[in-house]
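Asks: Compute the structure for the input listed below.
(6 chains)
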Protein chains: 6
Amino acid sequence: MSIVESFNAYRSEMNEKILSEDNKVMKRFFSLDTQAYQEGALDKTTKELLGLVASMVLRCDDCISYHLGKCFDLGVSKAQVFEVFSVANIVGGSICIPHTRRAVAYWEALEAEKNA
Amino acid sequence: MSIVESFNAYRSEMNEKILSEDNKVMKRFFSLDTQAYQEGALDKTTKELLGLVASMVLRCDDCISYHLGKCFDLGVSKAQVFEVFSVANIVGGSICIPHTRRAVAYWEALEAEKNA
Amino acid sequence: MSIVESFNAYRSEMNEKILSEDNKVMKRFFSLDTQAYQEGALDKTTKELLGLVASMVLRCDDCISYHLGKCFDLGVSKAQVFEVFSVANIVGGSICIPHTRRAVAYWEALEAEKNA
Amino acid sequence: MSIVESFNAYRSEMNEKILSEDNKVMKRFFSLDTQAYQEGALDKTTKELLGLVASMVLRCDDCISYHLGKCFDLGVSKAQVFEVFSVANIVGGSICIPHTRRAVAYWEALEAEKNA
Amino acid sequence: MSIVESFNAYRSEMNEKILSEDNKVMKRFFSLDTQAYQEGALDKTTKELLGLVASMVLRCDDCISYHLGKCFDLGVSKAQVFEVFSVANIVGGSICIPHTRRAVAYWEALEAEKNA
Amino acid sequence: MSIVESFNAYRSEMNEKILSEDNKVMKRFFSLDTQAYQEGALDKTTKELLGLVASMVLRCDDCISYHLGKCFDLGVSKAQVFEVFSVANIVGGSICIPHTRRAVAYWEALEAEKNA
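Replies: Numbering: from 1, shown residues only, chains lettered A, B, ... in the order given. Next up is the predicted model:
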């Protein structure tokens, strides 16, 4: 299983468990999290780029993987995601480098999956 | 070995190594860390819930696992830990979601271990 | 104007401006933020203590002030908030000390206001 | 002096002092920080929006003010900055709300200055 | 009153209040915090430099001020503190720049006080 | 493969991929990151200790591993790295303990590799 498949599988399985618990705040927060990236005054791609840079400066690998997947599906180019990485590294510092390494590996897995 | 057992085993092994090194600040800090969760003006359970929410907003999986184990032993219910997760997700944002996923998996492992 | 009054005045004024802008995600998030602290499997006071410790380890003075105000109104004692501070300082480290100083000043302002 | 003027004045004064010290790493980092927001595979406006959301989830008021100023000059609308705020609040949590309040006050000061 | 004097006055006043409250964890943590910077396998100056860089990447102005004062008293040069700033800015990113500005202002106040 | 070897192998492989992409900001940032630890007003060892403590309070295991490797090569003793850990734990709190555990394991792997 690729890192893309295993990430998606675990994410789906556990999200389902979270949502099956009767906690309204969690459910509404998940729904709001989806809503935040919908087309509005800013387009979807810009919002996914925002989600990506925010995830990288906050250094969450899973969140980075998720937004990379979305960016990839929306047709963001490798040069563009690298510019997001560069802003993240300048704002967030070298502490973001290990996350950038894993992000590059994840992006390659997304490309490999598409070409498979 | 379950995720509960492997977490506890690694934690014990490495804590022992840290404490066997003659560093007084580390030793006293470990002792103070234990003391902070003792019964006082607030009861033990409340303090473990505080430790859990603090661990989740600071996004430390090992710390979350540790406090989940303590909460489980003190009889905290699943509905109650989910309310802690909900406060953590609202205060700390969606960046806490991946940690919530792993927390739910850990809680299930605690339940499975008890029922085994 | 006391630090309690000036905090509340600025908070109310700016919250109103945020909510008057037609951004549904922000409005729903504000509403969800209120909902997260409602009575449930955990009581209101416990939830405010959770909000307080989360705010302190994330080091947000305004959030600390807000939850101190709520705790004060719910009858939490000074000894109890100090135990929250102690958990926060142990989990979050000495970097929380300056926030603890300002939290103590805010608590005193809450007491002074009540006695005025 | 408006909050925009006082921010810019202090920023310029202190940046000059930092750059006048003969520390090459600091000088090059400042230069790289400027370079990161130049037109490239992503346009300038998108990069400023990235800088803004990163600053908000990392909760740095001065960085938020700086990028708000840049966004304002590039013609970003109030509805658009509010969508950045909404992504930041969802990703970073309610801990970003106090920074959002100050960001709204700063945006109003930018508008007031333009209309003066 | 200079920024050095007002920082020290508020710090002393509030520390006294914290320590006068009968909370043993807080008292012991304050004592341990002092102990951590004592001469040992590393000398005092190195430890204060460690405290300074940690404070800057965690972005706590009061902690930065405190360690700058200690470094100044121990004879650390301006070129040396700037090298600490440069490591902090590279590791922690441009988000540290506003704290660096205020750190430079505080260092100048320490120099001015000495020359007064 | 030891944890030292696997860390170094992944780091080298991915750094090469990052640098092979034509993104000037990333390349210059990597170069500046190296430059920040060069001998200057502070010696190399002190700077690596600064990098280590900054990595630990920011809680980045890969960054901790990297600086531990550098410290080890520069002849820093185990007692000295433990004093860095103690400052990091006091400043950054118990949330640093799991990273300290892994740091001790990495240090042991460095020692084992040398003795092999």
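
Asks: quick one, helices of chain A?
Replies: A:3-20, A:24-35, A:44-57, A:61-73, A:78-92, A:97-115 (DSSP state H).

Asks: Tabulate those helices in TSV, adding columns for distance to chain D.
Replies: Just so you know, the C-beta spots here come from the backbone N, C-alpha and C atoms, and that holds for glycine as well. Formatted as TSV, the helices of chain A follow (distance: least, C-beta to the nearest C-beta, whole Å):
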stretch	distance to chain D
helix A:3-20	16
helix A:24-35	6
helix A:44-57	4
helix A:61-73	8
helix A:78-92	4
helix A:97-115	13
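
Asks: among those helices, which is nearest C:Val57?
Replies: Proximity to C:Val57 (C-beta to C-beta) singles out helix A:44-57 among these, at 18.7 Å.

Asks: Please compute how far that closest one lies from its chain's middle.
Replies: 8 Å (C-alpha atoms, centre = their mean, to the nearest Å).

Asks: neighbouring contacts of stretch A:66-85?
Replies: With contact meaning C-beta atoms under 8 Å, 6 or more residues apart in numbering or on different chains, stretch A:66-85 is reached by A:4, A:7-8, A:11, A:37, A:44-45, A:48-49, A:51-53, A:55-56, A:96, A:100, A:103, A:106-107, A:110-111, A:114, D:40-42, D:47, D:50, F:21-23, F:25-26.

Asks: Buried members of these into PyMOL, please.
Replies: Of the contacts of stretch A:66-85, the buried ones go into a single PyMOL selection, burial set by 16 or more other C-beta atoms under 10 Å in any protein chain shown:
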select buried, (chain A and resi 4+7+11+37+45+48+49+51+52+53+55+56+96+100+103+106+107+110) or (chain D and resi 40+42+47+50) or (chain F and resi 23+25+26)
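
Asks: out of the contacts of stretch A:66-85, who's near chain B?
Replies: With respect to chain B, and counting by C-beta under 8 Å from any C-beta of the partner chain, the subset of the contacts of stretch A:66-85 in contact is A:11, A:55.

Asks: How much space separates the spatially most central residue of chain A from B:Ile95?
Replies: The residue lying closest to the centre of chain A (C-alpha atoms, centre = their mean) is A:His67, at 2.0 Å. According to C-beta to C-beta, to the nearest Å, A:His67 stands 11 Å off from B:Ile95.

Asks: if I look at those two, which residues touch both of them?
Replies: A:Ser55.

Asks: Show the backbone phi and psi for the residue located most distally from the centre of chain A.
Replies: What lies farthest from the middle of chain A is A:Asp22; by C-alpha atoms, centre = their mean that is 26.3 Å. As for A:Asp22, its main-chain torsions (degrees, to the nearest 10) stand at phi -80, psi 70.

Asks: Find me the pLDDT at it, would you?
Replies: A:Asp22 is assigned 92 on the pLDDT scale.

Asks: Name the nearest residue to it, ignoring sequence neighbours.
Replies: Nearest residue to A:Asp22 in three dimensions, chain neighbours excluded: B:Ala79, at 7.7 Å (C-beta to C-beta, 6 or more residues apart in numbering or on different chains).

Asks: Can you give me the distance of that neighbour to B:Lys70?
Replies: On the measure of C-beta to C-beta, B:Ala79 and B:Lys70 end up 17 Å apart.

Asks: Same drill for those two, tell me which one is more crowded.
Replies: B:Lys70 (18 against 13; other C-beta atoms under 10 Å in any protein chain shown).

Asks: Distance of that one relative to chain C?
Replies: Counting by C-beta to the nearest C-beta, to the nearest Å, the gap from B:Lys70 to chain C is 13 Å.

Asks: and chain A, which of its residues are near chain C?
Replies: Residues of chain A lying near chain C (C-beta under 8 Å from any C-beta): A:24-25, A:28-29, A:32, A:35-36.

Asks: show me what contacts A:Gly92?
Replies: Counted by C-beta under 8 Å, 6+ apart, A:Gly92 has contacts A:56-57, A:59, D:54, D:58, E:92-93, E:95.

Asks: could you dump those to a markdown table with pLDDT and distance to A:Ala88?
Replies: Output for the contacts of A:Gly92, formatted as a markdown table (pLDDT from 0 to 100; distance: C-beta to C-beta, whole Å):
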| residue | pLDDT | distance to A:Ala88 |
| --- | --- | --- |
| A:Met56 | 98 | 4 |
| A:Val57 | 98 | 5 |
| A:Arg59 | 98 | 9 |
| D:Ala54 | 98 | 7 |
| D:Leu58 | 98 | 10 |
| E:Gly92 | 98 | 13 |
| E:Gly93 | 98 | 9 |
| E:Ile95 | 98 | 11 |
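
Asks: Could you find the closest non-adjacent residue to A:Phe29?
Replies: B:Asn89 (5.5 Å).

Asks: Next, the contact list for that neighbour, please.
Replies: Going by C-beta under 8 Å, 6+ apart, B:Asn89 touches A:25-26, A:29, B:56, B:96-97, B:100, D:93.

Asks: Please repeat the previous calculation with a cut-off of 7 Å.
Replies: B:Asn89 makes contacts with A:26, A:29, B:96-97, B:100, as judged by C-beta atoms under 7 Å, 6 or more residues apart in numbering or on different chains.
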